[in-house]
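Undergrad: Quick one, structure for this:
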Amino acid sequence: MPNNSKKTPKLPTHFIAIGASAGGLEALQELFEHMPCDSGAGFIVIQHLSPDFKSVMDELLSRCTKMPVCVVKDGVLIEANTVYLIPPRKNMIISQGRLLLSEQSPQPGMHCPLDVFFAHWPKINNTALWELYYRALAVTVRAESKT
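TA: The predicted structure follows:
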């Protein structure tokens, strides 16, 4: 008889949002190479991505960690020991433990999904979510100048 019960998601002990410039790949690889795969945290990576190129960040980071690495789908529940990547041409916010996506403006120019994400980070008006806020950490990384 097949088991029809769904796996109960393991909620994170902490939410770690990592902002990275387009050149932040090396820093992200180093971070995840040294991060235990059973820390209990949910990792949210918001990187400035070119809208003109297909991102292979999920493939590259998967080589550096045993944690699942996935490109975010709208409304996904954040689970422990998982790395979530923002998709190209999207803005992302966190709400009630889920990642919500919206389209970036079609206007040409600089888009800053990291600014959008962090602008919504402290807007927690539900008392039950204050615990989430105090279990959150935000980090930004950037490429080191070689000059």
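
Undergrad: Quick check: buried residues in stretch 40-59?
TA: Buried residues in stretch 40-59, counted by 16 or more other Cβ atoms under 10 Å: Ala41, Gly42, Phe43, Ile44, Val45, Ile46, Gln47, His48, Leu49, Met57, Asp58. No exception for glycine: its C-beta is placed from N, CA and C like everyone else's.

Undergrad: Give me the residue at the spatial middle of the protein.
TA: Ile44 (1.8 Å; Cα atoms, centre = their mean).

Undergrad: re earlier: from the buried residues of stretch 40-59, pick the one nearest Pro113.
TA: Set against Pro113, the nearest of the buried residues of stretch 40-59 by Cβ to Cβ is Ile46 (5.5 Å).

Undergrad: Run through the strands of this protein in chain order.
TA: Secondary structure of the chain (DSSP state E): strands at 14-20, 41-47, 69-71, 76-77, 82-85, 90-95, 98-103, 136-141.

Undergrad: Mind telling me which of those the model trusts least?
TA: Note on the strands of the chain: lowest mean pLDDT is at strand 136-141, with a mean of 58.

Undergrad: Helices of the protein, start to end?
TA: 25-34, 57-62, 113-120, 130-134 (DSSP state H).

Undergrad: Mind putting those into TSV with distance to Val69?
TA: What follows is these, written out as TSV (distance: least, Cβ to Cβ, whole Å):
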stretch	distance to Val69
helix 25-34	8
helix 57-62	5
helix 113-120	18
helix 130-134	22
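
Undergrad: Of those, which is nearest Ile16?
TA: Nearest to Ile16, of the helices of the chain and by Cβ to Cβ, is helix 25-34 at 9.7 Å.

Undergrad: which stretches of the protein have low pLDDT?
TA: 1-6, 50-52, 108-110, 121-147 (pLDDT under 70).
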